[in-house]
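Undergrad: make a model of this:
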Amino acid sequence: MEITIKDEFIKLGQALKLAGLTENGAAAKEVIAAGAVTVNGEVDTRRGRKCRPGDVIAYNGKQVTVKCL
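TA: Below is the predicted model of the structure:
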């Protein structure tokens, strides 16, 4: 799965919502804080982490690649 952004980056919590991996921001905050999300294979607990094109976000057995327009 891919998400496409028009800016330089997207925050991790926003990326989870955009990809449909979480229902809302509160759910994204919870799963990130619990250490259930990885970025490029490493656990990241920062909801505000800047994800850039080429980054791969994984949660609950699904992977999302960030692409740029």
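Undergrad: tell me what the longest strand along the chain is packed against?
TA: The longest strand of the chain (DSSP state E) is strand 62-68. Here strand 62-68 touches strand 2-5, strand 56-59, going by 3 or more Cβ pairs under 8 Å, 6 or more residues apart in numbering; DSSP states H and E. For glycine as for every other residue, the C-beta is placed from the backbone atoms N, C-alpha and C.
Undergrad: tell me the mean pLDDT over the lengthiest helix in the chain?
TA: For the chain, the helix reaching the highest residue count under DSSP state H is reported as helix 25-33. Across helix 25-33, the average pLDDT comes to 95.
Undergrad: next structured bit after that helix?
TA: strand 37-39 (DSSP states H and E).
Undergrad: please tell me how far stretch 12-21 is from the chain's geometric centre.
TA: The chain centroid and the centroid of stretch 12-21 are separated by 5 Å under Cα atoms, centre = their mean, to the nearest Å.
Undergrad: CA atoms of it as CSV?
TA: C-alpha atoms of stretch 12-21 as CSV (Å, rounded to 0.1, in the frame of the first residue of the first chain):
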residue,chain,number,x,y,z
LEU,A,12,3.6,9.6,11.7
GLY,A,13,0.2,9.9,13.4
GLN,A,14,-1.2,11.6,10.3
ALA,A,15,0.3,9.0,8.0
LEU,A,16,-1.5,6.2,10.0
LYS,A,17,-4.8,8.0,9.7
LEU,A,18,-4.3,8.8,5.9
ALA,A,19,-3.5,5.1,5.2
GLY,A,20,-6.5,4.0,7.1
LEU,A,21,-4.5,1.9,9.6
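Undergrad: buried residues, that stretch. List them.
TA: 12-19, 21 (16 or more other Cβ atoms under 10 Å).
Undergrad: got a list of what T45 touches?
TA: Applying Cβ atoms under 8 Å, 6 or more residues apart in numbering to T45 gives the contacts 32-33, 35.
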